[in-house]
Every structure is written in C-alpha cells, then in structure tokens.
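> Dropping a prediction and its sequence here:
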Amino acid sequence: MIRIVEVGPRDGFQNQERVIPTSVKVDFINALSDSGLQEIEVSSFVSPKWVPQLSDAVEVFVKIKRVPGVTYSALVPNMHGFERAMAVDVDKIALFTGASESFNQHNINASIAESITRFSPVVREAHACGLPVRGYISTAFWCPYEGQVKPSQTLDVAKRLVDIGVDELSIGDTVGQATPSDTQSLLETLLAKIPPSKLAMHFHDTYGNGMQNVLASWKLGIETFDSTVGGTGGCPYAPGAPGNVRTEDVVKGLREAGAEVSVDIGKLSKAWKILEVLGVT
Ligand code: HMG
Ligand code: MG
C-alpha cells in the first residue's frame, strides 16, 4: 500500500512570497484530512526570522481538526523547535539536513556534522515521548551550490541519521534535477544498506521528471512518497527550487502503474480550490 505524505502546508507555504492567512492554511489542512492521506506535514517550528511564512505554526496546529488515523507532522531543526512542537502535541517530527555542506550552511547555518550532533538529543527526547522521527536528506542528488552529489555522500549522511535512531529517511531532490537513472543509481546504493520500508522519496519537479522518478523508485520497492496538492513547494535557501511533484499525479500515476493508493483525487481537488481562488501557485 502506498503512503503519501502531503507536504504542501509546509513545503508549499514556506515558498510563497506572501504569507498565507492562518485561516486559509487551517481550511486547506482540514480539507486534506478528509481525502484518505495518511500523513500531512502541517508546518515548521523553525526560526520565524528565517521562514516568516510559517511563523504561525503553533496557531495552525491548535486550530486544525485532527482526523483519527492521520499523522500530523512538522519540521523541527533543533531542541528549541522540538519544545515548541511538543507544546501543541505534534504526532511526528521531521529533522532536516543535507548531503552537501554548502546547502546546509545556507539552510540551517550548520555543517552536516553539527546538524547531526544537534539532532541526537532531539531524537532521544522524541522517542522518550513516543514520537516517530523522520530525517530529511536534502540535496541528495544535486546541490544548487556544489553541483552533482555522489550517491556515496548521501549514503554516508543516511547511515549517520540511522545511527542516531531516526526512524524514516526522506531523500530529497531539492532542486528537481534528478533523472530516473539518477534515482535508480542512488536507490541501489541506499538499498544495499537500508531497507525500503525506512525510505521515503521527496521529488521536486523542475524538468518534468518528478513522476518518472516516483515510478522508478516504486519499481525498486519504495512505497512512501512526499508530494504537494497543486504542485506547490520549494526551499527559500535553494535557489531555483521549484514545486514538488503533484499529489494528484502521484495518486493517478501510481494507480495506473498497478499500485494500491487509498487517496480520493476528487477531495484533493476540492482542497486545491481553497488555494487556487487565492492565486497560489
Ligand atoms: P541560527 O540563526 O543559527 O540559530 O539559525 P541560533 O541557534 O543562533 O538562534 C538565533 C535565534 O533564532 C535566537 O533568537 C533563537 O532563539 C532563535 P534571538 O535570541 O535572536 O531572538 N531560534 C528559534 N526560534 C524559533 N524556533 C526555533 C529556533 N531556533 C533558534 N526552532 C536555525 C538556525 C536552524 C534555527 C535556522 O537556520 C532556521 O530556522 N532554518 C530553517 C530553514 C528552513 O526552514 N528551510 C526550509 C526547510 S528545508 C526544505 O525545504 C527541504 C525539504 O523540503 C527537503 C528537500 O526538498 O530537499 C525538507
Ligand atoms: Mg522540499
């Protein structure tokens, strides 16, 4: 069974030039909750100076209606973020680092090693509270500052995250440059050491390869995919990072390929209308 992590409320809203009103975010998330999605990444507990678009994370979490069975997760960069997230009872946290040093410095003002040292106590605390922990690896294929990233570099970061106890890794094509053959070669490297059940794929879609990359990953045993309704998304600290692969396409494309996907596309379209009328892209 395919698991889709809808990251639009986080990856999508962080990249809008204007700040989307909290009430719109809440309506959008409530509409998504009813569509059969298993997990929704609601917001980020990062510095509001770095990402002002998501400075209302607490308010959004307090106001959404939580549907039983749906996991409501959030991005957390450090212990401070974890404490803010715990105050509103998030279901799961997502730490984030990169496979390239320059991106990490731009995005979280830390080296890869510093970020992992910072994450270790957060993973321990999260597990003590019974929360699962995702670890994103951005620039897993390509870095906007350093160019192509070798699969061995991404594997090295993946192993370090698994070593500190991260439960699930999300492998990010942050700038959307991966081809299906890059996807195959990175996944073959990762799968030699990490079981497919621990891996999610997070494709941005610059050159229209997003859906092909999803299918290439599925053929290698991956069943968890990140995507955004309407194809919003991008990272403010990765120049040129475009939208994520569209959730509607992931549902349709995987179903056509023979996978079991329990998400209602009609309900996704209804949720998208809430943003479309505001001109969100
Ligand atoms: P820093 O400036 O190095 O942090 O930022 P610091 O520890 O020196 O603290 C500076 C100030 O920030 C202090 O406040 C802290 O309290 C505050 P002051 O004393 O100046 O008033 N602070 C915080 N406030 C609220 N929540 C917090 C927090 N932490 C510190 N958690 C930091 C380091 C990591 C905080 C910063 O760089 C940051 O927030 N970065 C986030 C960048 C981001 O969100 N990027 C987008 C998400 S990643 C992405 O999109 C990729 C992904 O989609 C996958 C893919 O596509 O590849 C996941
Ligand atoms: Mg992303």
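In hand now; what should we look at? Computed from a predicted model, the values in this text were never measured in an experiment. Ligands and ions are numbered 1, 2, ... in the order given.
> hey, let's count contacts and neighbours off CA atoms from now on
OK.
> can you list the weak-confidence ranges in the chain?
The chain contains no residues with pLDDT under 70.
> Output the set of residues of it in proximity to ligand 1.
11, 45-48, 50-51, 77-78, 80-81, 96, 107-109, 136, 138-139, 172-174, 235 (C-alpha under 6 Å from any ligand atom).
> Of these, which belong to strands?
Phe96, Tyr136, Ser138, Gly172, Asp173 (DSSP state E).
> Report the beta-bridge partners for the third one.
Think Ser138. Gly98 (DSSP bridges).
> from memory it sits against Asp173, does it?
Yes: applying C-alpha atoms under 8 Å as the test, Ser138 and Asp173 come out as touching, 6.5 Å apart.
> sorry, back to before: I would like a PyMOL command selecting only the buried ones among the residues of the chain next to ligand 1, please.
In PyMOL, this line selects whichever of those come out buried by 16 or more other C-alpha atoms under 10 Å:
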select buried, resi 11+45+46+47+51+77+78+81+96+107+108+136+138+139+172+173+174+235
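> for the protein, which helix is longest?
Counting residues, the longest helix found in the chain (DSSP state H) is helix 112-128.
> That one packs against which elements?
Here helix 112-128 touches helix 79-87, strand 92-98, strand 133-138, helix 151-163, going by 3 or more C-alpha pairs under 8 Å, 6 or more residues apart in numbering; DSSP states H and E.
> quick one: it to strand 92-98, angle?
On the basis of axes from the mean of the first three to the mean of the last three C-alpha atoms, to 10 degrees, helix 112-128 is oriented at 170 degrees to strand 92-98.
> contacting residues around helix 112-128?
77-79, 82, 93, 95, 97-101, 104, 132-133, 157, 160-161, 164-166 (C-alpha atoms under 8 Å, 6 or more residues apart in numbering).
> Now it - C-alpha only, CSV.
As requested, the backbone C-alpha atoms of helix 112-128 are provided in CSV (Å, rounded to 0.1, in the frame of the first residue of the first chain):
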residue,chain,number,x,y,z
ILE,A,112,26.3,18.3,8.3
ALA,A,113,28.3,17.0,11.4
GLU,A,114,27.0,19.9,13.6
SER,A,115,23.4,19.2,12.5
ILE,A,116,23.7,15.6,13.4
THR,A,117,25.1,16.4,16.8
ARG,A,118,22.2,18.8,17.3
PHE,A,119,19.7,16.2,16.3
SER,A,120,20.9,13.4,18.6
PRO,A,121,19.2,14.7,21.8
VAL,A,122,16.1,15.6,19.9
VAL,A,123,15.7,12.0,18.6
ARG,A,124,16.2,10.7,22.2
GLU,A,125,13.6,13.1,23.6
ALA,A,126,11.1,12.4,20.8
HIS,A,127,11.4,8.7,21.3
ALA,A,128,11.0,9.1,25.1
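> Give me the distance from that helix to the chain's centre.
18 Å (C-alpha atoms, centre = their mean, to the nearest Å).
> Equivalent analysis for stretch 123-143, please.
10 Å.
> Pull out the buried residues from that stretch.
The neighbour-count check on stretch 123-143 (16+ other C-alpha under 10 Å) flags 123-124, 126-127, 131-143 as buried.
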